[in-house]
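Participant: pasted the sequence and its predicted model underneath.
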Protein chains: 2
Amino acid sequence: MAVRTKRPAGERTRAAILHEAVSLATVEGLEGLSIGTLASALDMSKSGLYAHFGSKEALQLATVDEAGRVFEAEVIDPALAAPPGVDQLVAVCEAFFEHLERRRFPGGCFFAGAVLEMGARPGPVNERIVAFQSSFIALVRQFVARAQELGEVAEDEDPDQLTFELNGIILAANMTFILHQDPRSLDLARQVVRRRLGVTEAGASGADVGREVFAGQG
Amino acid sequence: MAVRTKRPAGERTRAAILHEAVSLATVEGLEGLSIGTLASALDMSKSGLYAHFGSKEALQLATVDEAGRVFEAEVIDPALAAPPGVDQLVAVCEAFFEHLERRRFPGGCFFAGAVLEMGARPGPVNERIVAFQSSFIALVRQFVARAQELGEVAEDEDPDQLTFELNGIILAANMTFILHQDPRSLDLARQVVRRRLGVTEAGASGADVGREVFAGQG
């Protein structure tokens, strides 16, 4: 973005504009994002942005879609590329932690904030956010189910419960990072993921290891 | 509030005004809360509200404090009243779930939203929110440490990890409730709390029970 924002306004691509829109939304909120505030942040004319988006709602929807593309590239794609099983569950959490560490957006995870911001505001923007967040949780549940099929998550684990817990770890990591603004705060999140999934070190995983860890709790 | 808002404006107490301010902030965000928007929501004059608060920032700070009082009364006080040990850990989560179910505020937990909204906005309002959220997490950690002293949480559990996980369960419950707007979605959160803490049914708890539950995972 540092390079792109030095270009003349006319050369800026829709993608570069939308990247700034997502960043701004993680600070000001999606409701704080308007064609006026974005034009001011980009030092562009409002009329130029109207040509791209036409309305505040269209801008908000395009911003949600752009945030979704970034989340797919930085969190979902690395998880899909990981080998199925517990490694994939670790990978999706790790990709999320790296997404935070990279400080891709100043206000942390776009969707964690957007779900809460727009939750009591019915409409197309809220529906798009809910659809994306729900599809991410459904994907994590698929990863959990696959890991269980492979015997790497114990048979008597409830996949919905484990999915809920992993989502909770992701949300707590986002909150902790925002509260402390310190990458070291993510070390604790990493430890929690590994212990919960019975992974003792990078690469070593599976139900047998998990059983040993849990047996050691007594 | 339904009764209070029918009173003449002059009779409204500062507390009633602040209750509406917290509700409004869970929908519009703390930044969306201004003396103008609040006056409009309460059908009061802006000058009347200026007499109470003087500035947007003073109104925001008073709103955070009011949200803190509600959270203390509905979540912290019931947890402090519970017997120390695993029961107290269950109690703090359960009080939070009931706080959500009661739909005290339309946008879910005020602080979960406020931490994310204000995280990238340094200043007195953010500092007040961070202080409250941090003190809540510190309190949960005290509950965890006490439960461990009593032998109801295994000795080799890391109190920071367990506190992080409980905070994650609370945040995931808030997000799930907002996504689905369905009290039944909290049943899963309740199951996760009980399994994580080794509580098989209401009242039955402790490390021995936990060992049995975890041993059953292999």
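Facilitator: Great, that's in hand. Remember, predicted model here, so these are calculated numbers, not experimental data.
Participant: do you know how far whichever residue of chain A sits closest to chain B is from A:E101?
Facilitator: Closest to chain B within chain A is A:G168: 3.0 Å, counting by Cβ to the nearest Cβ. For the C-beta atoms, the positions are set from N, CA and C on the backbone; glycine is no exception. According to Cβ to Cβ, to the nearest Å, A:G168 stands 19 Å off from A:E101.
Participant: of these two, which one has the most company?
Facilitator: A:G168 (27 against 11; other Cβ atoms under 10 Å in any protein chain shown).
Participant: wait, is the more buried one part of a strand?
Facilitator: No. Looking at A:G168 with DSSP: H, G, I helix; E, B strand; the rest coil, it is helix, so not inside a strand.
Participant: contacts only, for it.
Facilitator: By Cβ atoms under 8 Å, 6 or more residues apart in numbering or on different chains, A:G168 lies in contact with B:165, B:167-172, B:192.
Participant: need the nearest residue in space to it, chain neighbours excluded.
Facilitator: Spatially, and ignoring its direct neighbours in sequence, A:G168 is nearest to B:G168 (3.0 Å; Cβ to Cβ, 6 or more residues apart in numbering or on different chains).
Participant: A:F97 too?
Facilitator: Nearest one to A:F97, counting by Cβ to Cβ, 6+ apart, is A:L186 at 4.8 Å.
Participant: so where's chain A shaky on pLDDT?
Facilitator: Along chain A, segments meeting pLDDT under 70 span A:1-12, A:201-218.
Participant: how about the helices in it?
Facilitator: Counting by DSSP state H, one finds helices in chain A at the ranges A:14-28, A:35-42, A:46-53, A:56-71, A:77-81, A:86-101, A:110-118, A:124-149, A:159-180, A:185-197, A:207-215.
Participant: packing partners for the shortest one?
Facilitator: Just to be clear, that refers to helix A:77-81. If you count contacts as 3 or more Cβ pairs under 8 Å, 6 or more residues apart in numbering or on different chains; DSSP states H and E, helix A:77-81 packs onto helix A:86-101.
Participant: against which helices or strands is the helix it packs on packed?
Facilitator: Applying 3+ Cβ pairs under 8 Å, 6+ apart, we find helix A:86-101 packed against helix A:77-81, helix A:124-149, helix A:159-180, helix A:185-197.
Participant: among these, which is the most enclosed?
Facilitator: helix A:159-180 (a mean of 23; mean count of other Cβ atoms under 10 Å in any protein chain shown).
Participant: if I take that helix and helix A:124-149, what angle do their directions form?
Facilitator: 120 degrees (axes from the mean of the first three to the mean of the last three Cα atoms, to 10 degrees).
Participant: roughly how far is helix A:159-180 from the heart of the chain?
Facilitator: Chain-centre distance of helix A:159-180: 11 Å, with Cα atoms, centre = their mean, to the nearest Å.
Participant: just stretch A:175-182 next, same as before
Facilitator: Per Cα atoms, centre = their mean, the displacement of stretch A:175-182 from the mean C-alpha position of its chain is 15 Å.
Participant: can you list contacts of it?
Facilitator: Stretch A:175-182 is contacted from outside by A:100-101, A:107-108, A:183, A:185-186, A:188-189, B:112, B:115-116, B:119-120, B:130, B:133-134, B:164, B:167, B:171, using Cβ under 8 Å, 6+ apart.
Participant: residue contacts, the residue lying closest to A:N126 once chain neighbours are set aside?
Facilitator: Using Cβ to Cβ, 6+ apart and skipping residues adjacent in sequence, the residue nearest A:N126 is A:M118, 4.3 Å away. For A:M118, the contact set (Cβ under 8 Å, 6+ apart) comprises A:30-31, A:125-126, A:129.
Participant: greatest separation within those residues: which pair is it?
Facilitator: A:E31 and A:I129 (12.2 Å; Cβ to Cβ).
Participant: which residues does the closest residue in space to A:L166 that isn't next to it in sequence contact?
Facilitator: Nearest non-adjacent residue to A:L166, counting by Cβ to Cβ, 6+ apart: A:V140, 5.7 Å away. The neighbours of A:V140, taking Cβ under 8 Å, 6+ apart as the test, are A:89, A:92, A:163, A:166-167.
Participant: try A:F71
Facilitator: A:99, A:110-111, A:132, A:136.
Participant: for it, give its distance to A:I129.
Facilitator: For A:F71, the distance to A:I129 - Cβ to Cβ - is 11 Å.
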